[in-house]
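Participant: Sequence and computational prediction follow.
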Amino acid sequence: MMQITCPWCGPRDQREFRCGGEAHIKRPADPASTDEAAWADYVFMRTNPKGTHRELWNHVHGCRRWFNMARDTVSDRILAVYAIGEPPFDPDAAPATSEGAAQ
Amino acid sequence: MVEMDARRRSALAPLKLAPATADPAGVRLSELAHLGKVNLRFDSADQDAVAALEALGIQLPGEVNGVVAADRRVLWLGPDEWLIVTAPGEEGAVLQQASQALAGRHHALTDLTDNYTTIRVAGPSAEALLAKGCPLDLHGSVFPAGRVAQSLIGAVDMILECLVDGAGGRMFLIFVRRSFAQYTWDWLADGALEFGLTIEV
């Protein structure tokens, strides 16, 4: 189990959260001129990396707010928790936080 | 005190609860039926709106997971969301006055009085009972009186508020949705058996 630090409520048990999949997926800006391959890429294709993964999470049994989280898929270490709309977490630019790390 | 419709039934009325006394009573359970509950959502950066609500006795807690204890108690639920808890029957006045105060502003006021019921968990073993099925850290140093949190109890969502009980003691109010009320009561009553259960009706 992980302890996740909700940006609003503070550290809480993983049971209170749901993962919403990969973050920073951009919808095609001009749907009319987007071909099927680009649509399929938008709808179905995800990076599934070994290492740093940027994800959407929802504090579904708490404040019900969505936020972004960067997690190492190998160690489950939580690298960053940041707000919706912020630029994607860059592991080379920011030091890892110990807060919210895998328990 | 506002007159209430005599046909109104509390969420736990179907259980036909009878008073029970245990000695010693590790846990004391009771339902606080029909407390007024109004969900408030708006942008609290709007200082004029905050002042208008304060004039109505609705003061927002300054801190996350905080509670302002007053006749109109205000519980923090989220960065733009609060629950106003009043005496039974007062929710109509809160709704009407607050919607006047916030008129013309982007906001939502929702009467949740009958959506939730409230179960009070008191007694020296109240924390031990809740810890059986709640992932929160309930220790007095982390979750003292005057705090609120949304979390899980058993399998259901709850709003948990901590209040002062007697000299230095704590008791808890659990707000659960009406359709989960009987489950929650049974879960609490079952878990409390080992501590000695007193039921106050």
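Facilitator: It's in. Note that the structure is predicted; figures quoted are calculated from it, not measured.
Participant: Could I get the full set of helices for chain A?
Facilitator: Applying DSSP state H to chain A gives helices spanning A:36-44.
Participant: where does it dip in pLDDT?
Facilitator: Scanning chain A with the threshold set as pLDDT under 70 gives A:94-103.
Participant: That one against chain B: which residues are in contact?
Facilitator: Neighbours of chain B within chain A, by Cβ under 8 Å from any Cβ of the partner chain: A:8-10, A:12-13, A:15-16, A:61-65. C-beta coordinates here come from the backbone N, C-alpha and C atoms, glycine included.
Participant: From the residues you listed, pick the one nearest residue B:182.
Facilitator: Distance to residue B:182 across the residues of chain A next to chain B (Cβ to Cβ) is lowest for residue A:61, with 19.9 Å.
Participant: sorry, back to before: I'd like to know which of the residues of chain A next to chain B are buried.
Facilitator: Buried subset of those (neighbour count, 16 or more other Cβ atoms under 10 Å in any protein chain shown): A:8-10, A:12-13, A:16, A:61-63, A:65.
Participant: Those residues: which two are farthest apart?
Facilitator: With Cβ to Cβ as the measure, no two of those lie farther apart than A:13 and A:65, at 16.5 Å.
Participant: and the residue of chain B nearest chain A?
Facilitator: Residue nearest to chain A within chain B (Cβ to the nearest Cβ): residue B:135, separated by 3.4 Å.
Participant: What is the three-state secondary structure of that residue?
Facilitator: Here residue B:135 is recorded as coil under DSSP: H, G, I helix; E, B strand; the rest coil.
Participant: In CSV: the residues of chain A next to chain B, plus distance to residue B:129.
Facilitator: What follows is these, written out as CSV (distance: Cβ to Cβ, whole Å):
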residue, distance to residue B:129
A:8, 27
A:9, 23
A:10, 23
A:12, 20
A:13, 18
A:15, 18
A:16, 20
A:61, 19
A:62, 21
A:63, 25
A:64, 26
A:65, 29
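Participant: on that earlier part again, in strands only, show me the buried ones among the residues of chain A next to chain B.
Facilitator: Members of these lying in strands (criterion: DSSP state E): A:10, A:12-13.
Participant: where does chain B dip in pLDDT?
Facilitator: B:1-2.
Participant: just the helices in chain B please.
Facilitator: Taking DSSP H, the helices of chain B run over residues B:47-54, B:91-101, B:126-131, B:181-192.
Participant: So which other helices or strands are in contact with the shortest one?
Facilitator: The elements that helix B:126-131 packs onto, with contact taken as 3 or more Cβ pairs under 8 Å, 6 or more residues apart in numbering or on different chains; DSSP states H and E, are strand B:27-32, strand B:169-177, helix B:181-192.
Participant: contacts for the second one?
Facilitator: Where contact means Cβ atoms under 8 Å, 6 or more residues apart in numbering or on different chains, the residues beyond strand B:169-177 that reach it are B:32, B:37, B:83, B:115-124, B:126-127, B:130, B:140, B:144-145, B:153, B:156-165, B:184, B:188.
Participant: Narrow those residues to just the buried residues.
Facilitator: Buried by 16+ other Cβ under 10 Å: B:37, B:83, B:116-124, B:126-127, B:130, B:145, B:153, B:156-163, B:165, B:184, B:188, out of these.
Participant: So which of the residues you listed are in strands?
Facilitator: Judged by DSSP E, those include B:37, B:83, B:116-122, B:153, B:156-163, B:165 as members of strands.
Participant: quick one, which of the helices of chain B is packed in tightest?
Facilitator: Ranked by mean neighbour count, these are led by helix B:126-131 with a mean of 21 (mean count of other Cβ atoms under 10 Å in any protein chain shown).
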